[in-house]
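>>> no FASTA, just this:
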């Protein structure tokens, strides 16, 4: 029986991914900062662990409690839309601490056991905003692009050890808490120079016409990464993600 550990399972992509792997017979370790057993169906194959990817002690405790892991999915993260000029230094640090350093810390915590077994899969969930230039989310974009960069190098480093490494890139999803979690960090709506640009960004996020990414799309992309030994390094996580990646030549 294979075991998967997923970060950020309290909503959105992480929650849907946990559900999919449970349905398909895997042992699932669903982690979240504040455990909520009611989010997932009761199962003897499910464990819910507290995990804050910005806290080394929390990571160490979760990894020890988890035991052997066949697949690690780094999904935890958040967004903070604001023009770069107006982004608070605390917000910059928080974005990179969670999205980039937290992901790296989880990789470093789990990778030794995979390397020793000469088997395992690492899946880092980033975003298609990393392949297209967009305003207002520049710092978020940078934090996710950094994950793309180190994941690409990691995939080469792990080849001799039989550990596969993949990046799942979702598009714009109306089913996540990205907007809700990002709203407290929004800056510039009261700035006469930046307000029109920010309002345009908000309209684009709220626009539900055209192709979008559903949480189930991302869960299926993670499933492909976890189970297909011939899956590519980069896997799009939705219909719009496929279009953006094709435009970028990926």
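Nice, thanks for sending it over. These numbers come from a predicted model, not from an experiment.
>>> next up, the contacts around residue 240.
For residue 240, the contacting residues are 128, 171-172, 210-213, by Cβ atoms under 8 Å, 6 or more residues apart in numbering. (C-beta placed from N, C-alpha, C; glycine too.)
>>> where's the dip in pLDDT among those residues?
Of all those, residue 210 carries the smallest pLDDT score, 86.
>>> for this structure, which segments are assigned as helices?
For the chain, applying DSSP state H gives helices covering 12-23, 56-66, 89-95, 102-117, 138-158, 178-182, 195-206, 215-227, 239-247.
>>> for those, which one sits closest to residue 3?
helix 56-66 (7.8 Å; Cβ to Cβ).
>>> closest to residue 124 out of the helices of the chain?
helix 138-158 (4.9 Å).
>>> and the closest one with helix 102-117, angle?
For helix 138-158 against helix 102-117, the angle by axes from the mean of the first three to the mean of the last three Cα atoms, to 10 degrees is 10 degrees.
>>> over to residue 229: give its phi and psi.
The phi/psi pair for residue 229 (degrees, to the nearest 10) reads phi -70, psi -10.
>>> what's the neighbour count on the closest residue to it other than its chain neighbours?
In space, and not counting its chain neighbours, residue 229 is closest to residue 164: 6.9 Å by Cβ to Cβ, 6 or more residues apart in numbering. For residue 164, the count of nearby residues is 21 (other Cβ atoms under 10 Å).
>>> contacts only, for residue 164.
Taking Cβ under 8 Å, 6+ apart as the test, what residue 164 contacts is 120-122, 155, 158, 225, 229, 231.
>>> from residue 155, how far off is it?
In this view, residue 164 and residue 155 are 8 Å apart by Cβ to Cβ, to the nearest Å.
>>> also residue 11?
Distance, residue 11 to residue 155, using Cβ to Cβ: 28 Å.
>>> before we move on, what about residue 241?
Here residue 241 is placed at a distance of 19 Å from residue 155 (Cβ to Cβ).
>>> more crowded one of these two?
Applying other Cβ under 10 Å to residue 241 and residue 155 shows that residue 241 carries more neighbours, namely 27 against 17.
>>> tell me which helix or strand of the protein sits lowest on mean pLDDT?
Lowest by mean pLDDT, DSSP states H and E among the helices and strands of the chain is helix 178-182, with a mean of 55.
>>> in this structure, where is pLDDT below threshold?
The chain contains residues with pLDDT under 70 at 175-185.
>>> measure residue 213 to residue 174 for me?
The spacing between residue 213 and residue 174, counted by Cβ to Cβ, is 9 Å.
>>> who has more neighbours, those two?
The neighbour comparison of residue 213 against residue 174 (other Cβ under 10 Å) goes to residue 213, with 26 against 14.
>>> just give the number of residues close to residue 48.
Each residue near residue 48 was counted by other Cβ under 10 Å, and the total is 19.
>>> ok, now which ones touch it?
9, 29-32, 35-37, 40.
>>> buried subset of the contacts of residue 164, written for ChimeraX?
In ChimeraX, selecting the buried portion of the contacts of residue 164, with burial taken from 16 or more other Cβ atoms under 10 Å, looks like this:
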select :120,121,122,155,158,225,231
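>>> which residue sits farthest out from the middle of this structure?
Largest separation from the mean C-alpha position in the chain: residue 192, at 33.7 Å (Cα atoms, centre = their mean).
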